[in-house]
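Engineer: sequence and predicted structure below; questions after.
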Amino acid sequence: MSALPADFYARPVVEVARALVGCVLRHDGCAGAIVETEAYHDSEAACHAHVGLTARTRILFGPPARAYVYRSYGIHALFNAVCEDEGVGAAVLIRALEPLEGLDGMRARRGLERREDLCSGPGKLTQALGIELELNGSDLVRGPISIEPPRADWPPSELIEGPRIGITKAAELPWRFCAAGFRSVSKPWPPGLRDTVAPRALS
DNA sequence: CATGGGATTGACT
DNA sequence: GTCAATCCCATGC
């Protein structure tokens, strides 16, 4: 399966955040279906790009379809897909995956066994897939990280929206999007994730 | 150049 | 429920 084209990312970031749920994130022999995203835009204070153009935010303000990877709390690498036109600072944070391929590699890198613990958080999935800071600015169309359209067996799944997690500024915006029924969504789960659809997993 | 704050996680009470 | 780990980077002196 080939990567999503750059045009996919060159539109309003909230629209891309919704569309990325169900798509497949792939790196270094490992892949997972995206089950949770968040949108960030320079117009609101929770976005790193809100401070304007700096050394850190130049990737966010650059062309779409690039990786924005940064260090969080000194420990974790968080992966985002840069969106909208060049000159706009916007990105989608990938917060959780349903593991699909390379689970043994994920287990080795995470030091854990349980499938639902491998990629159930933004710092966990980068560790599982081996995504580090050196991939900041890399091209999502050419690789080495790629995002592909949903697999044929991806189930039609309700999208649950809610406020973003772990932020203090602009916390009221409902820019978190989760696929209903997947246990790999990070905690806390939004209301309805457990109830709407029975928990399930892809093979 | 010093400081402080995170888009988190896992271990522990 | 609480809390520490640990580092990049924006800000201010």
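Structural biologist: Looks like it came in fine.

Engineer: what is the three-state secondary structure of the residue nearest to residue A:162 when sequence neighbours are not counted?
Structural biologist: Nearest non-adjacent residue to residue A:162, counting by C-beta to C-beta, 6 or more residues apart in numbering: residue A:190, 3.9 Å away. (C-beta placed from N, C-alpha, C; glycine too.) Judged by DSSP: H, G, I helix; E, B strand; the rest coil, the three-state class of residue A:190 is coil.

Engineer: separation between residue A:190 and DNA strand B?
Structural biologist: For residue A:190, the distance to DNA strand B equals 14 Å [C-beta to the nearest atom of the strand, to the nearest Å].

Engineer: can you get me a residue count around that residue?
Structural biologist: 18 (other C-beta atoms under 10 Å).

Engineer: just checking, it touches residue A:160?
Structural biologist: Yes. Between residue A:190 and residue A:160 there is a contact at 5.0 Å, judged by C-beta atoms under 8 Å.

Engineer: which residues does the residue nearest to residue A:162 contact?
Structural biologist: A:160, A:161, A:162, A:176, A:178 (C-beta atoms under 8 Å, 6 or more residues apart in numbering).

Engineer: of those, which is the most crowded?
Structural biologist: Most surrounded of the contacts of residue A:190: other C-beta under 10 Å gives residue A:178, at 26 neighbours.
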